[in-house]
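# Below is the structure, and that's it, no one-letter string:
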């Protein structure tokens, strides 16, 4: 059995039962994120522990990336009496505005060990490139 020492947790639990909510109702549950550039792509890593792969939804509309995920209770057995429930349940959502320099047509998503990793390639038009300068011999004269 687990022992609780925080008197406010019991108050929160009772309030949740009265309100009919589950999870942590008193504060929004964050979807922590890291974003960084790695070579020719941007990487976004989102923490989603305890979420099943089929409960993750990723949408891109123009340059708006939306990630939604749902964490359900680990057990639905009515014979189980929950002693402590601190892990937030429900639907989580995060929106990220992507730069026009990213290729949203080729986003790759991978989910491993509770981390959703999105890899977004940099568009070819946005990559640095060399411009050759022609000399006098390459000029064409225009006569009128």
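The structure has been received and is ready for your questions. Just so you know, these numbers come straight off a predicted model, no measurement behind them.

# if you skip the residues just before and after it, what's nearest to residue 72?
Nearest in space to residue 72, with sequence neighbours left out and distances taken as C-beta to C-beta, 6 or more residues apart in numbering, is residue 89 at 6.6 Å. Quick note: C-beta positions are derived from backbone N, CA and C, even for glycine.

# Quick test: name the residue nearest the centre of this protein.
residue 46 (4.2 Å; C-alpha atoms, centre = their mean).

# Return the set of buried residues in the host helix or strand of that one.
Element membership of residue 46 [criterion: DSSP states H and E] is strand 41-47. Neighbour-count burial for strand 41-47, counted by 16 or more other C-beta atoms under 10 Å, picks out 41, 42, 44, 45, 46.

# can you redo those as JSON lines with pLDDT and distance to residue 82?
As requested, those are exported to JSON lines (pLDDT from 0 to 100; distance: C-beta to C-beta, whole Å):
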{"residue": "41", "pLDDT": "94", "distance to residue 82": "42"}
{"residue": "42", "pLDDT": "95", "distance to residue 82": "40"}
{"residue": "44", "pLDDT": "96", "distance to residue 82": "33"}
{"residue": "45", "pLDDT": "97", "distance to residue 82": "30"}
{"residue": "46", "pLDDT": "96", "distance to residue 82": "27"}
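
# Closest one to residue 100 out of those residues, please.
residue 42 (12.6 Å; C-beta to C-beta).

# ranges for the strands of this structure?
Secondary structure of the chain (DSSP state E): strands located at 33-38, 41-47, 56-61, 64-71, 90-97, 108-112, 115-121.

# The ones you listed: which one's closest to residue 134?
Residue 134 lies closest, by C-beta to C-beta, to one member of these: strand 115-121, at 31.3 Å.

# Can you tell me how far the residue nearest to the residue nearest to the centre of the chain when sequence neighbours are not counted is from residue 126?
Leaving aside its chain neighbours, residue 46 sits nearest to residue 116 (4.5 Å; criterion: C-beta to C-beta, 6+ apart). The gap separating residue 116 from residue 126 is 24 Å, by C-beta to C-beta, to the nearest Å.
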